[in-house]
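Peer 1: Sequence and predicted structure below; questions after.
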Amino acid sequence: RLSIIIPHYNSPNLLENLIKSIPDNPEIQVIIGYDHSDAESNNLLKVIKKKYKSRNILFLENDPNKKSAGACCNKGLEYAKGKWVLFADADDYFLKDFWGIIEEYLNSHAEVVFFKPTSVELDSGKPSDRHIFLVDLLNDYLNNPGLETENRLRYFFVNPYSKLIKLEFIKKNNILFDEVIAANDVMFSTKVGFFMENFIVSEKEIYCITKSKGSLTTSLDEDKFDARVNTYIKQ
């Protein structure tokens, strides 16, 4: 009923925390698309594969000529079997009882269901601010539904996580991730917002975003900066 797609690169310990937050349920397919990590991470990934071999987890390595989280997600979509899809970053995790929360929407006629995320500082475990903008978008729409708040939700919620999306809807509209070094999910989410006709906004939380030093979202690397600028111009 559900495929969870996770791009992974050099964070096997955090990846295992994410796996632990997903119930061992035959109705949930977990797809881990891993990039060309370093040797130590690949060795730890082999340990994780062996440890969770009894679960419905599919490990897919990127093609040798491809290297990005977007490529990992696109490969995951090729193998997804669930009626619905969730995306998760390897250093994030799902909140307790998230499966019970989304189950009530699995027979919905909606194409997309938005949920509220929360966030924490990875180093200290203290609350972070990474989720606030997204939650504000959802609250603005819930409190004042209209063209302006709906369009902000459609085009400013540029993260793929904390959204339950029908796989048939993704395939029908040929929505894929950009295979670039940063901001690979912006156009994916923009196209989801553009094409969706039926959507639901939930008050409930299912997902925790983590914030750490050196992540793609905090890096000031010039190539990543350029990739983000070019993506937002495209958007």
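Peer 2: Here it is on my side, so go on.

Peer 1: How about I32: which residues does it bridge to?
Peer 2: According to DSSP bridges, I6, F59 are recorded as the beta-bridge partners of I32.

Peer 1: quick one: it from N62, how far?
Peer 2: Using C-beta to C-beta, to the nearest Å, I32 is found at 11 Å from N62. Just so you know, the C-beta spots here come from the backbone N, C-alpha and C atoms, and that holds for glycine as well.

Peer 1: who has more neighbours, those two?
Peer 2: Neighbour count, other C-beta atoms under 10 Å: between I32 and N62, I32 has more, with 25 against 21.

Peer 1: and that one, what does it touch?
Peer 2: Contacts were defined as C-beta atoms under 8 Å, 6 or more residues apart in numbering; by that measure I32 touches 6, 8, 15, 57-60, 76, 90.

Peer 1: Which among those count as buried?
Peer 2: In terms of neighbour count (16 or more other C-beta atoms under 10 Å), the buried residues within these are 6, 8, 15, 57, 60, 76, 90.

Peer 1: Of the residues you listed, which belong to helices?
Peer 2: The helices, defined by DSSP state H, take in 15, 76 from these.

Peer 1: Name the nearest of the buried ones among the contacts of I32 relative to E179.
Peer 2: Taking C-beta to C-beta as the measure, E179 sits nearest to G76 out of these, at 12.9 Å.

Peer 1: Report how many residues lie close to E103.
Peer 2: 13.

Peer 1: Need the pLDDT of it.
Peer 2: Per-residue confidence (pLDDT) for E103: 97.

Peer 1: Next: S37.
Peer 2: Looking at S37 specifically, the model assigns a pLDDT of 72.

Peer 1: Burial check on P117, number of neighbours?
Peer 2: Counted with other C-beta under 10 Å, P117 comes out at 22.

Peer 1: returning to what we had before: any chance of the contacts of I32 in TSV, plus pLDDT and distance to S212?
Peer 2: As requested, these are arranged in TSV below (pLDDT from 0 to 100; distance: C-beta to C-beta, whole Å):
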residue	pLDDT	distance to S212
I6	97	17
H8	90	15
L15	93	14
I57	95	24
L58	95	26
F59	92	23
L60	92	25
G76	97	23
A90	94	12
